[in-house]
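In: Mind folding the following:
(one chain, ligands or ions: 1)
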Amino acid sequence: MTKPIGVVGAGMMGSEIALIFAVAGHSVLLTDQSRAAADAAIVRLETVLDRGIGRGFFSEADKGRALGNLRAVDSLDDFADRQVVVEAVFEDQSVKQAVFRQLDTILPADAIIASNTSTIPISTLASVVSAERQSRFLGTHYFSPVHRMKLVEVIPTFDTAEEVVDEVMDLCRNAGKEPIRVKDVPGFAVNRVLHAFLIEAVKLVEEGVATPEDIDKACRLGLGHPVGPFDLMDVVTNSLSLQAQEIMHDAYGERFRPGSLLKQKVAAGHIGRKSGRGWKVYPPKG
Ligand SMILES: NC(=O)c1ccc[n+]([C@@H]2O[C@H](COP(=O)([O-])OP(=O)(O)OC[C@H]3O[C@@H](n4cnc5c(N)ncnc54)[C@H](O)[C@@H]3O)[C@@H](O)[C@H]2O)c1
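Out: Numbering: from 1, shown residues only. The predicted model follows:
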């Protein structure tokens with residue numbers, strides 16, 4: 001069954017989360033800090049669809065359905081009829097909680113709120129909504145690029161109703177995703193595994209054992225990874241990786257201490273593809 005869905009935050013993650021639900025046949029409203037940003041995201045998604053058609057991820061019919069189902073709106077005030085809202089704004093607790101407070105007053109009483117946070121405990125985010133809404137609040141952690149990565153970590157809090165977990169898992173499956181249920185712990189499951197690996201990769205570079213290029217090659221050709229750790233950090237952004245590692249360092253101690261080279265890269269503004277320079281250098285597009 002299709003549901004009216006809303007997505008807040010039309011950046012890298014939110015726009016593609018909106019896309020996969022629109023392709024799956026749901027009506028999707030997309031909003032950002034300004035209408036212009038939400039409109040620009042829809043233009044970007046047309047490129048994602050066109051490239052995806054070329055690579056076999058989408059069909060022409062998917063494109064038509066997606067563009068028919070997807071609409072940019074001015075603000076959260078347009079979300080009064082939404083049954084499920086996915087939040088993908090900046091990774092900042094106060095920014096996210098301000099959005100949740102607003103959504104709690106605008107959405108129907110039985111609407112579900114799902115956060116795409118990578119690092120903030122879901123129960124902390126849920127604490128600012130009403131007790132009734134807390135039973136309809138959970139985490140859904142998608143992976144980039146969302147139209148290609150099938151996994152979604154579904155993270156209930158102490159108070160999330162079982163029927164809400166089931167409903168969200170079904171919604172994800174219906175959009176072609178493979179959800180797994182994960183406890184609300186710092187880093188959830190995937191980031192615990194990933195950052196242990198990324199921290200070790202940075203240590204290898206700090207110790208001069210191999211270059212980022214060669215470690216990427218080693219992981220692709222020796223471990224069968226589709227992308228190496230340094231290319232991955234440059235896509236995800238070094239600042240987000242550092243933030244995740246600091247949170248897990250607080251939670252789990254030494255084993256998640258971020259490498260000093262990663263800190264230095266972030267302080268220098270070398271955050272990755274977004275800034276044109278991270279572990280590698282990216283010439284401006286065209
Ligand atoms: N980048 C990744 O690989 C990745 C993976 C999983 C989860 N996440 C999480 O997804 C979320 C979004 O990440 P992203 O990489 O898409 O970031 P992004 O910076 O590309 O996008 C965030 C968007 O949110 C908008 N925004 C900020 N405050 C807002 C507000 N108050 N109301 C409406 N829109 C607002 C911004 O204008 C921006 O367009 C973060 O919580 C991040 O941790 C990211």
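In: Considering only this structure, name the residue that lies closest to the ligand.
Out: residue 11 (1.8 Å; C-beta to the nearest ligand atom). Backbone N, C-alpha and C define where each C-beta goes, glycine included.
In: quick one: that residue from residue 48, how far?
Out: 13 Å (C-beta to C-beta, to the nearest Å).
In: per-domain residue ranges of this protein.
Out: Segmentation of the chain into domains, based on automatic domain parsing, reads 5-181, 191-275.
In: Any idea how far the longest helix seen in the chain is from the middle of the chain?
Out: In the chain, with assignment by DSSP state H, the single longest helix is helix 35-54. Computed by C-alpha atoms, centre = their mean, to the nearest Å, the chain-centroid distance of helix 35-54 equals 17 Å.
In: Can you name the next helix or strand after that helix?
Out: Next along the chain after helix 35-54, taking DSSP states H and E as the criterion, comes helix 60-69.
In: what about the helices in the stretch 101-250 of the chain?
Out: 122-126, 131-134, 162-174, 190-206, 212-223, 229-236, 238-252 (DSSP state H, counting those that start in this stretch).
In: what about residue 255, how many neighbours?
Out: Per other C-beta atoms under 10 Å, the neighbour tally for residue 255 reads 11.
In: That should have said residue 189, apologies.
Out: Other residues within reach of residue 189, judged by other C-beta under 10 Å, total 16.
In: Likewise for residue 201?
Out: Based on other C-beta under 10 Å, the number of other residues close to residue 201 is 23.
In: Might one say that it is in contact with residue 231?
Out: No - in this structure, residue 201 is not within contact of residue 231 by C-beta atoms under 8 Å, at 10.8 Å.
In: can you pull the alpha-carbon coordinates of stretch 38-46 into PDB?
Out: The C-alpha trace of stretch 38-46 is given here as PDB (Å, rounded to 0.1, in the frame of the first residue of the first chain):
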ATOM      1  CA  ALA A  38      14.500  21.500  -2.500                       C
ATOM      2  CA  ASP A  39      13.900  22.400  -6.200                       C
ATOM      3  CA  ALA A  40      17.600  22.100  -7.000                       C
ATOM      4  CA  ALA A  41      17.600  18.600  -5.400                       C
ATOM      5  CA  ILE A  42      14.900  17.500  -7.800                       C
ATOM      6  CA  VAL A  43      16.900  18.700 -10.700                       C
ATOM      7  CA  ARG A  44      19.900  16.700  -9.400                       C
ATOM      8  CA  LEU A  45      17.700  13.600  -9.000                       C
ATOM      9  CA  GLU A  46      16.800  13.800 -12.700                       C
END
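In: If anything else comes up later, I'll come back, but that's it for now.
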